[in-house]
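Student: Mind looking at a prediction? Sequence and model below.
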Amino acid sequence: MASKKTSPDITPQSSDEAEINTSIFDMISENNNFLIRGIDSANNDITQVKGVTADAIDNLNNSFSQLNEQIKQQKVLMEQLLRNITDNNIESDGKMCSFKEVTSEITDTLTYFIDALINISTQSMDTVHKMDSIVDDMDNVFALLGDIKAIADQTSLLSLNASIESARAGENGRGFAVVANEIRKLANYSNDFNNRIWGQVEHTKVSVSEARVMIGQIASKDMSIGMTAKYKINSMIDQINFINDATSNGIDQLTSITDEVNHNVSQAVRGLQFEDIVRQQLETTNNFLSHTRDHLVNMDDDIKIIKDNNNPSGKINDIIKKLHDSRNELSNNIHKPTNHDSIDTGSIELF
Amino acid sequence: MSVSKNISSDGSHLTISIQGRFDFNIYKDFRDAYVDCLKSTPRITINMSSTEYLDSSALGMLLVLREQSGGDNSNIEITGVNSEIKKILGISNFDKMFSIK
């Protein structure tokens, strides 16, 4: 019969005790091997997890890195686009000129022509006034010619009277009759010339009238075309400004979204830093499992020694002490604190 | 008649009204309406409330009137313009030379 002992010192056993002990040892040994196999499997899993995680996170880091590069490129392109639009550069005759310059030129040209048109009309009206003065002067000439005609007609009448008087005077009046005749001829010439002058002035008056009509046509230009053109151009400019503003706003929004994406990518990359912690945790677990495995292997070896030995009592004490120390060491490893409890500390760098 | 005129009781304000088309054909009547009053009426109103149409000759006539009323020292206002005429006066920069209502 075995006596119950709580102290580690054990007295030599009987053959029955030895048989029971052997069974117990075998059972422990089996158990240990089972645990060792389990630990090996767990260690494999952990190694796999480490590998998969590291690869996955490497991929993600690369993708984010590329994403960031592309975002930067996008931003540069958008800024270029914005510059092109706001300057509205157009290539004309190999020269770059801004849209604003072109529309400004067109507006100035239009203004120039409208002003020229109005100037022509103003000067034409002044000219028409002059022509009307000329016509008044010509009417004055007609009046004067009328007076001359009256005088000529009077003269003719007087010369007729003179002829009659000279005939009454008989022989003495013959010389006088000749003079009277000449005077009548002169009066007639005067009237002829008068009529011709009248004709000329009349002709001139007609020409001036015709010229007045022509100037009237020059002066009378319809303003609605110029007006429509100017309004169309202003409306075009307004539309372009509107499009510019809308596009500019759109690009501003795109730019701020780009910045947000950038920020989010940075956050994501920072988030990936958990890999560090995970790896460390896994390694710690790995180590602990390995030590535990060693512990079990040693125990197994020791059990074999005890089984083969006929007087194991001294060895058993050593073994028990060894197991005790080994377990203490394992315990210390479990309670070792990790360096990072959270991911929030530290800044990140994108590579 | 397309052109009618009215002088205020104190003689200082001349109003010329144009009916229908303000164009080359009414030149003489328009001029006759103001030519005697230029020295005595410092203030002139051109009433276009019945004016239907205006071409460049009308603009010329208005500018000649302005010149003869003292140019930059003139005091001429244009009233009753319809929207078409208002636009025409606008592109001709007349709003800088006349007071337009």
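Tutor: Yes, it's here. Numbers count the residues shown, from 1 in each chain, chains lettered A, B, ... in the order given.
Student: Now do the strands in the chain.
Tutor: Defaulting to chain A. In chain A, the strands defined using DSSP state E lie at A:89-92, A:95-98.
Student: looking at chain B here, not the other one
Tutor: B:3-7, B:13-18, B:20-22, B:43-47, B:51-54, B:76-79, B:99-100.
Student: now those strands in a markdown table, with distance to residue B:35 and mean neighbour count?
Tutor: All C-beta atoms are positioned from the backbone trio N, CA, C, and that covers glycine. A markdown table is the format used below for those (distance: least, Cβ to Cβ, whole Å; neighbours: other Cβ atoms under 10 Å in any protein chain shown):
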| stretch | distance to residue B:35 | mean neighbour count |
| --- | --- | --- |
| strand B:3-7 | 11 | 15 |
| strand B:13-18 | 11 | 20 |
| strand B:20-22 | 17 | 18 |
| strand B:43-47 | 12 | 21 |
| strand B:51-54 | 20 | 18 |
| strand B:76-79 | 15 | 17 |
| strand B:99-100 | 22 | 14 |
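Student: confidence score at the residue in chain B positioned nearest to chain A?
Tutor: Across chain B, the shortest distance to chain A (Cβ to the nearest Cβ) belongs to residue B:60, at 3.3 Å. On pLDDT, residue B:60 comes in at 95.
Student: That one contacts residue A:219, correct?
Tutor: Yes - between residue B:60 and residue A:219 a contact is recorded at 5.7 Å, counting by Cβ atoms under 8 Å.
Student: shared neighbours of those two, anything?
Tutor: A:120-121, A:124-125 (Cβ atoms under 8 Å, 6 or more residues apart in numbering or on different chains).
Student: which ones among those come in contact with chain B?
Tutor: Near chain B, taking Cβ under 8 Å from any Cβ of the partner chain as the test, the members of the shared contacts of residue B:60 and residue A:219 found are A:120-121, A:124-125.
Student: Among those, name the ones in helices.
Tutor: A:120-121, A:124-125 (DSSP state H).
Student: Give me every residue in chain B lying close to chain A.
Tutor: B:23-25, B:27-28, B:31, B:54-57, B:59-61, B:63-64, B:84, B:87-88, B:90-93.
Student: By residue count, which helix of the chain is the longest?
Tutor: Answering for chain A, as no chain was given. Per DSSP H, chain A has its longest helix at helix A:15-87.
Student: you looked at the wrong chain, it should be chain B
Tutor: Max-length helix for chain B by DSSP H is helix B:56-68.
Student: hang on, the earlier thing: from the residues of chain B next to chain A, list just the buried residues.
Tutor: Buried by 16 or more other Cβ atoms under 10 Å in any protein chain shown: B:23-24, B:27, B:31, B:54-57, B:59-61, B:63-64, B:87-88, B:91-92, out of the residues of chain B next to chain A.
Student: Can you pull the poorly scored residue ranges out of chain A?
Tutor: A:1-14, A:86-97, A:310-315, A:333-351 (pLDDT under 70).
Student: which one of the strands of chain B lies closest to residue A:197?
Tutor: Checking the strands of chain B against residue A:197 by Cβ to Cβ gives strand B:3-7 as the closest, at 35.9 Å.
Student: how about the residues of the stretch 151-300 of chain A that lie near chain B?
Tutor: A:216, A:219-224, A:226-227, A:230-231.
Student: between those, which is closest to residue A:37?
Tutor: Closest to residue A:37, out of all of these and judged by Cβ to Cβ, is residue A:231, at 93.0 Å.
Student: contacting residues for the closest one?
Tutor: residue B:87 are the contacts of residue A:231 under Cβ under 8 Å, 6+ apart.
Student: try it again with 7 Å
Tutor: If you count contacts by Cβ atoms under 7 Å, 6 or more residues apart in numbering or on different chains, residue A:231 has none.
Student: one step back: compile the residues of the stretch 151-300 of chain A next to chain B into TSV and extend it with columns for distance to residue A:135.
Tutor: Formatted as TSV, those follow (distance: Cβ to Cβ, whole Å):
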residue	distance to residue A:135
A:216	14
A:219	17
A:220	20
A:221	24
A:222	28
A:223	29
A:224	32
A:226	32
A:227	34
A:230	38
A:231	41
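Student: Filter those down to the buried ones and express that as a PyMOL selection.
Tutor: Per 16+ other Cβ under 10 Å, the buried members of these correspond to this PyMOL selection:
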select buried, chain A and resi 216+219+220+221+223+226+227+230
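Student: So which of the residues of the stretch 151-300 of chain A next to chain B belong to helices?
Tutor: Reading helices off these with DSSP H, I get A:216, A:219, A:224, A:226-227, A:230-231.
Student: picking that back up, closest to chain B out of the ones next to chain B among the shared contacts of residue B:60 and residue A:219?
Tutor: residue A:121 (3.3 Å).
Student: Neighbours of the closest one, how many?
Tutor: 27 (other Cβ atoms under 10 Å in any protein chain shown).
Student: what residues are up against it?
Tutor: Counting by Cβ under 7 Å, 6+ apart, residue A:121 has contacts A:219, A:221, B:56-57, B:59-60.
Student: redo that, cut-off 8 Å
Tutor: A:218-221, B:56-57, B:59-60, B:63.
Student: which one of the residues you listed sits closest to residue A:56?
Tutor: Using Cβ to Cβ, these come closest to residue A:56 at residue A:221, 80.7 Å.
Student: In contact with the residue sitting nearest the centre point of chain B, which residues?
Tutor: In chain B, the residue lying closest to the centroid (Cα atoms, centre = their mean) is residue B:46, at 3.7 Å. By Cβ under 8 Å, 6+ apart, residue B:46 lies in contact with B:15-18, B:62, B:76-79.
Student: returning to that earlier point: now the ones next to chain B among the shared contacts of residue B:60 and residue A:219 in CSV, please, with extra columns for distance to residue A:140.
Tutor: Converted to CSV, those look like this (distance: Cβ to Cβ, whole Å):
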residue, distance to residue A:140
A:120, 30
A:121, 29
A:124, 25
A:125, 23
